[in-house]
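K.L.:
Test case, fold it:
(one chain, ligands or ions: 1)
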Amino acid sequence: MCIFIDCLLSPVILWPTIIASAIYFLKEYMQGGKFTKVTNETGKVFIVTGANTGIGKETALEIARRGGTVYMACRDMNRCEKARKEIVQETNNQNVFSRQLDLSSLDSIREFAAGFLKEQDKLHVLINNAGVMRCPKTLTKDGFEIQLGVNHIGHFLLTHLLLDVLKKTAPSRIVVVSSLAHTRGTINVKDLNSERSYDEGLAYSQSKLANVLFTRELAKRLEGTGVTVNSLHPGVVSTELARNWAFFQTNLAKYVIRPAIWPLIKTPKSGAQTTIYAALDPDLEKVTGLYFSDCKPKDVAPAAKDEKTGKFLWEESEKWTGLGKSE
Ligand SMILES: *[C@@H]1O[C@H](CO)[C@@H](O)[C@H](O)[C@H]1NC(C)=O
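P.N.:
Numbers count the residues shown, from 1 in each chain. Got it, this is the predicted structure:
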């Protein structure tokens with residue numbers, strides 16, 4: 001007679017069960033911290049860049065669910081509008097808007113900010129989420145290497161154009177989505193724009209280190225204004241960010257590596273948790289200049305604490321965006 005326990009212990013059933021459970025729990029474990037506090041964001045205004053897909057879309061969705069007014073700032077208006085409709089349908093929140101923002105164009109950034117300021121006189125949280133990763137060498141419309149140009153320089157200008165309204169709305173927040181990749185980064189002081197040599201991985205890490213340096217320098221400059229700024233690592237997330245990473249498009253990656261690392265990868269919803277935490281947790285109202293991972297503070301790489309490099313980057317960014325002159 002096959003009693004239950006014997007059947008269960010039959011190797012044919014036992015091992016696949018153990019392995020499947022192990023993969024399941026590993027996947028669950030790797031999803032990391034979750035933001036579970038209940039908040040009501042009704043009446044608060046948010047901007048999320050790169051909100052049509054991945055972490056950005058999940059962030060916009062969660063804020064909309066909590067009643068916030070959300071401006072989805074995206075490069076591709078068709079995809080933005082499609083994502084916006086899905087969010088409105090799912091949350092029943094009509095205060096979700098799609099607006100054009102191409103972070104690889106300083107003109108587009110100025111146009112976006114001017115348009116927003118015409119519509120709104122409040123901004124509670126700016127979420128600098130959009131990013132490009134491991135692009136082949138490309139320049140932005142203004143001639144910047146695209147990863148530094150979009151991930152850092154574009155957001156540098158956007159943040160500056162919105163600083164007055166953020167100060168007026170204080171307490172308010174800026175959230176900068178960086179990455180653990182910043183720990184591999186260096187700021188190439190002699191060739192910031194990668195003109196002499198270009199490596200897609202190094203340029204990406206440089207741009208993510210720039211995010212953390214910018215956050216820390218800005219936090220110092222905003223002391224006493226009631227505007228906080230923090231950066232974060234979302235986790236290793238399955239999103240379209242890797243679309244430019246040629247290796248990820250190969251068959252080897254598609255059929256062998258991606259399934260093998262699947263248990264280690266966060267879903268976009270899990271990847272958005274630290275952003276949502278930084279944007280919404282009431283306990284963080286006065287917390288500034290920090291870096292979060294898995295919904296808690298984490299130490300940054302030594303290179304990210306180098307104030308001299310932070311100042312250099314700040315001054316270069318002002319020059320590149322033309323902000324130095326007008327101030
Ligand atoms: C959130 O706050 C608004 C007013 O500030 C209120 O009308 C609404 O019912 C609240 N929502 C929830 C779910 O408590």
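
K.L.:
Going by C-alpha atoms from here, please, whenever you check contacts or count neighbours.
P.N.:
Will do.

K.L.:
Mind jotting down where the helices sit in the chain?
P.N.:
Using DSSP state H, the helices of the chain run over residues 4-9, 11-30, 54-65, 77-91, 106-119, 146-148, 155-169, 200-221, 251-252, 258-261, 268-271, 273-280, 307-321, 323-326.

K.L.:
Of all these, which one comes closest to residue 294?
P.N.:
Residue 294 sits nearest to helix 273-280 of all those, at 5.8 Å, using Cα to Cα.

K.L.:
How about residue 145: what's its closest non-neighbour residue?
P.N.:
Leaving aside its chain neighbours, residue 145 sits nearest to residue 139 (4.7 Å; criterion: Cα to Cα, 6 or more residues apart in numbering).

K.L.:
Next up, the contacts around the one you found.
P.N.:
Contacts for residue 139 were tallied using Cα atoms under 8 Å, 6 or more residues apart in numbering; they are 145-146, 149.

K.L.:
so where's the stretch 201-327 of the chain uncertain?
P.N.:
237-249, 257, 260-261, 263-264, 325-327 (pLDDT under 70).

K.L.:
follow-up on the earlier one: quick one: closest of the helices of the chain to residue 131.
P.N.:
Per Cα to Cα, nearest to residue 131 of the helices of the chain: helix 146-148, 7.6 Å.

K.L.:
Could I get the average pLDDT for the closest one?
P.N.:
Per-residue pLDDT over helix 146-148 has a mean of 96.

K.L.:
contact partners of it?
P.N.:
104, 131-135, 137-140, 193, 203-204, 206-207, 210.

K.L.:
try stretch 50-66
P.N.:
39-42, 48-49, 69-70, 72-75, 79-84, 87-88, 91-93, 95-96, 129-131, 238-240, 268-269, 271-273, 275-276.

K.L.:
Which among those count as buried?
P.N.:
41, 48-49, 69-70, 72-75, 80-81, 83-84, 87-88, 91, 93, 96, 129-131, 238-239, 268-269, 271-273, 275-276 (16 or more other Cα atoms under 10 Å).

K.L.:
so who does residue 318 touch?
P.N.:
residue 324.

K.L.:
what about residue 197, neighbour count?
P.N.:
9 (other Cα atoms under 10 Å).

K.L.:
my bad, residue 181
P.N.:
With other Cα under 10 Å as criterion, residue 181 counts 17.

K.L.:
Please report the distance of the residue nearest to it when sequence neighbours are not counted from residue 178.
P.N.:
Excluding the flanking residues, the one nearest residue 181 by Cα to Cα, 6+ apart is residue 205, at 5.2 Å. In this view, residue 205 and residue 178 are 10 Å apart by Cα to Cα, to the nearest Å.

K.L.:
again, but for residue 32
P.N.:
From residue 32 to residue 178 the distance is 17 Å (Cα to Cα).

K.L.:
quick one: which of the two has more around it?
P.N.:
residue 178 (29 against 17).

K.L.:
Would you mind listing the residues in contact with the more buried one?
P.N.:
Applying Cα under 8 Å, 6+ apart, the residues near residue 178 are 208-209, 211-212, 231-234.

K.L.:
ok, and the most crowded of those?
P.N.:
Neighbour max across the contacts of residue 178 (other Cα under 10 Å) = residue 208, 33 neighbours.

K.L.:
Make sure that one is actually in contact with residue 151.
P.N.:
Yes - Residue 208 is within contact range of residue 151, at 7.3 Å (criterion: Cα atoms under 8 Å).

K.L.:
Tell me where the stretch 1-150 of the chain is predicted with low confidence.
P.N.:
In the stretch 1-150 of the chain (pLDDT under 70), the answer is 1-9, 31.
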